[in-house]
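Q: Sequence first, predicted coordinates after that:
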Number of protein chains: 2
Amino acid sequence: MAAVNVCIAGAGTIGSLLAGHLGRVADVSVLVRRREHADALNREGLRVSGRADFTARVTAATDPADLPAPELVIIACKGSDLGDVAGRLEGEFDGATVMTIQNGLGAEDVVGARGHWPLLSSVTFMSGTRHSDTHVEYILDTATWIGPNRGTTPADARAVADLLVSSGLKAQPFDDLRPAQWSKLIFNATVNGVAALTGLPHDGHFSDSGPLGELVHALMDEGKAAAAAAGVELDEDPWQMNVLATQRGSRHSPSMLEDVRAARTTEVELINGSLVRSAREHGVPVPLQETVYSLVRGKEASYS
Amino acid sequence: MAAVNVCIAGAGTIGSLLAGHLGRVADVSVLVRRREHADALNREGLRVSGRADFTARVTAATDPADLPAPELVIIACKGSDLGDVAGRLEGEFDGATVMTIQNGLGAEDVVGARGHWPLLSSVTFMSGTRHSDTHVEYILDTATWIGPNRGTTPADARAVADLLVSSGLKAQPFDDLRPAQWSKLIFNATVNGVAALTGLPHDGHFSDSGPLGELVHALMDEGKAAAAAAGVELDEDPWQMNVLATQRGSRHSPSMLEDVRAARTTEVELINGSLVRSAREHGVPVPLQETVYSLVRGKEASYS
């Protein structure tokens, strides 16, 4: 089979994990923001350590026009950078299929507004630590879930899932991603929001019978009502996801907590904001999620 | 008139302002926790600067048994220390009237459980900065409001208000303090809670038309409903208090924000907790106040 050309737009942790692994089975180009980042990747390649250990050759640039034409683009930036990255792709990569992988809802709409590419949706549960511009550690080897969106079919989602699996990552295709996307959305809106506001890592306080566990439960009940109103039957119960994760004792610091600790813009718009907007659209009251959303927005306003 | 004996229990900012001023018109004793604090006060007196400038003689000790018998005790510690301080007064100061000045609701009940003293209620709006154990700066010369409680009459509240006024402080007696106490309770639960969770000082975000201003408005509406259910007609509209304070442009850091910044136990139980409990008792749903309460509790849990 002829090598596939894949472009990874954004090389943070998830982008680097994708680019490194796919570099073993495809011609991988990487679109980055900083010139030094591109130079280092072109010179040294991309090292993956942890659950694997190899270095992949990749072609990197700061301008999409300097990259080979891809068949597949995976936009792997953070949700808060999505508008920016999508804007840089406008008018480029005609004929490519573009896949989003951001948390929350609506990433496909942001990208779709910038070009006529066929779109795929995905959510990922893998994680890692980015040690440098050219070295990422693969830590949690959980799956990336892929589903069709505008102009694509379940077969397209299966093909990309197969490609990821052939590169050493875990992936699963879905005929309809929304049930999985919404399960993760409700989980993320609640766990990330509560962690960002309290400063707590995702620990037993989120699932015990104290006031915080009760709040988490109530927030997830609101999310489930919003999903039902949007016509989505959840893939997994987000409360069960929460209980399992805290029982594992990971005490993971959710990304939104990391963001507020570093006074960075969070993904609250794409996560909590999209949940709240969908609920409003369908006339479902979600007062607690609105409260968390407004408080995290207030937290962001406190940086300046 | 014979000099009144007044004991101030707790010499933080408010306690020091009271002890210093009252030292000019009464025999003032001060109950403190630390031996060095007592020694310094006995040696140097208590200096008040800012809106006034004088040093008052006071008698200080760490054990109530070492202090002269007072006619009036003002418990001026923070709400989070109230149980502790009230416990130390148990069995002491028979015949004294005891006045609480803590934020929130229920301070009188905590104290009343420890002795049969007649009780007065008060809330204070004055503020200052405590520069050392023996020096406090008087900054905001707003009033202390005083009302009768168990075993006291409006005349008793007037007598104490007169004493405070004669010492250079502002004070106002009320026949029923609850309307004022509830106005301040709703204001404090909302402004302190939102500030503690967002890291914002009390600024325009709390009263503008953005998501945070809307949240503050909704929190206050819940508080008003809880007050109405408790049979209290508010003295002032807490939303108007909020608008006025933010228009003044003070950007004041509420004490609960200072507490979470310093990883100290907050007054959330006496403030937000008492509002939530009163609302539950009267069957009034206050989901947003419950959310703020649970999140601040979570914040406290994150310290350890």
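A: Structure's in. What do you need?

Q: Make sure residue A:194 is indeed in a helix.
A: Yes - under DSSP: H, G, I helix; E, B strand; the rest coil, residue A:194 falls within a helix.

Q: nearest residue to it other than its sequence neighbours?
A: The shortest distance from residue A:194 to any non-neighbouring residue, by CB to CB, 6 or more residues apart in numbering or on different chains, is to residue A:216 (6.1 Å). For glycine as for every other residue, the C-beta is placed from the backbone atoms N, C-alpha and C.

Q: For that neighbour, give me its contacts.
A: By CB atoms under 8 Å, 6 or more residues apart in numbering or on different chains, the residues touching residue A:216 are A:190-191, A:194, A:206-207, A:239, A:242.

Q: need the residues of the stretch 201-304 of chain A near chain B, please.
A: A:205, A:210-212, A:214-215, A:218, A:287-288, A:290-295, A:297-299, A:301-302 (CB under 8 Å from any CB of the partner chain).

Q: sec struct for residue A:231, please.
A: At residue A:231, secondary structure determined by three-state DSSP is coil.

Q: again with residue A:122
A: Bear in mind the rule, three-state DSSP; under it residue A:122 is strand.

Q: so it bridges to which residues?
A: For residue A:122, the residues forming beta bridges with it (DSSP bridges) are residue A:146.

Q: Are we agreed that residue A:152 is in a strand?
A: No - residue state for residue A:152 (three-state DSSP) corresponds to coil; a strand is not indicated.

Q: Could you report the neighbour count for it?
A: Residue A:152: 21 surrounding residues under other CB atoms under 10 Å in any protein chain shown.

Q: Please apply the same query to residue A:297.
A: Using other CB under 10 Å, residue A:297 is surrounded by 20 other residues.

Q: Residue B:213 is in contact with that one, correct?
A: No - taking CB atoms under 8 Å as the definition, residue A:297 is not a contact partner of residue B:213, at 10.9 Å.

Q: Which ChimeraX command selects the buried ones in the residues of the stretch 201-304 of chain A next to chain B?
A: Buried residues within those, by 16 or more other CB atoms under 10 Å in any protein chain shown, are selected in ChimeraX with:
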select /A:205,211,212,215,218,287,288,290,291,292,293,294,295,297,298,299,301,302
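
Q: Can you identify each of the strands in the stretch 51-200 of chain A by residue range?
A: Read by DSSP state E, counting those that start in this stretch, the stretch 51-200 of chain A holds these strands, from start to end of the chain: A:54-56, A:59-61, A:72-75, A:97-100, A:119-124, A:127-132, A:135-140, A:144-148, A:171-173.

Q: Residue B:252 is nearest to which of these?
A: Comparing the strands of the stretch 51-200 of chain A by their distance to residue B:252 (CB to CB), the top pick is strand A:127-132, with 40.3 Å.

Q: The closest one to strand A:135-140, inter-axis angle?
A: With axes from the mean of the first three to the mean of the last three CA atoms, to 10 degrees applied, the angle from strand A:127-132 to strand A:135-140 works out at 170 degrees.

Q: partner strands of strand A:127-132, parallel or antiparallel?
A: Partner strands for strand A:127-132, per DSSP bridges, with pairing direction: strand A:135-140 (antiparallel).

Q: just the angle between the strand it pairs with and strand A:119-124, please?
A: Between the axes of strand A:135-140 and strand A:119-124, defined by the same axes, to 10 degrees, the angle is 70 degrees.

Q: how about strand A:135-140: buried residues?
A: Under the neighbour-count criterion of 16+ other CB under 10 Å, strand A:135-140 has A:135-138 buried.

Q: which of those residues lies closest to residue B:148?
A: Closest approach to residue B:148 among the buried residues of strand A:135-140 (CB to CB): residue A:137, at 67.0 Å.

Q: What separation do you get for the closest one and residue A:126?
A: In this structure, residue A:137 and residue A:126 are 12 Å apart, going by CB to CB, to the nearest Å.

Q: can you give me the helices in chain A?
A: For chain A, helices defined by DSSP state H occupy the ranges A:13-22, A:35-44, A:82-89, A:107-112, A:154-166, A:178-198, A:211-229, A:238-247, A:255-261, A:274-281, A:287-301.

Q: Adding mean pLDDT and distance to residue A:68, write those helices out as JSON lines.
A: JSON lines is the format used below for those (pLDDT from 0 to 100; distance: least, CB to CB, whole Å):
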{"stretch": "helix A:13-22", "mean pLDDT": "98", "distance to residue A:68": "14"}
{"stretch": "helix A:35-44", "mean pLDDT": "98", "distance to residue A:68": "13"}
{"stretch": "helix A:82-89", "mean pLDDT": "96", "distance to residue A:68": "15"}
{"stretch": "helix A:107-112", "mean pLDDT": "96", "distance to residue A:68": "20"}
{"stretch": "helix A:154-166", "mean pLDDT": "98", "distance to residue A:68": "17"}
{"stretch": "helix A:178-198", "mean pLDDT": "96", "distance to residue A:68": "31"}
{"stretch": "helix A:211-229", "mean pLDDT": "97", "distance to residue A:68": "40"}
{"stretch": "helix A:238-247", "mean pLDDT": "92", "distance to residue A:68": "39"}
{"stretch": "helix A:255-261", "mean pLDDT": "94", "distance to residue A:68": "31"}
{"stretch": "helix A:274-281", "mean pLDDT": "96", "distance to residue A:68": "34"}
{"stretch": "helix A:287-301", "mean pLDDT": "97", "distance to residue A:68": "38"}
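
Q: now these in TSV, with distance to residue B:179?
A: Supplementary listing: the helices of chain A in TSV, determined by distance: least, CB to CB, whole Å:
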stretch	distance to residue B:179
helix A:13-22	55
helix A:35-44	62
helix A:82-89	50
helix A:107-112	51
helix A:154-166	63
helix A:178-198	32
helix A:211-229	29
helix A:238-247	42
helix A:255-261	38
helix A:274-281	35
helix A:287-301	27
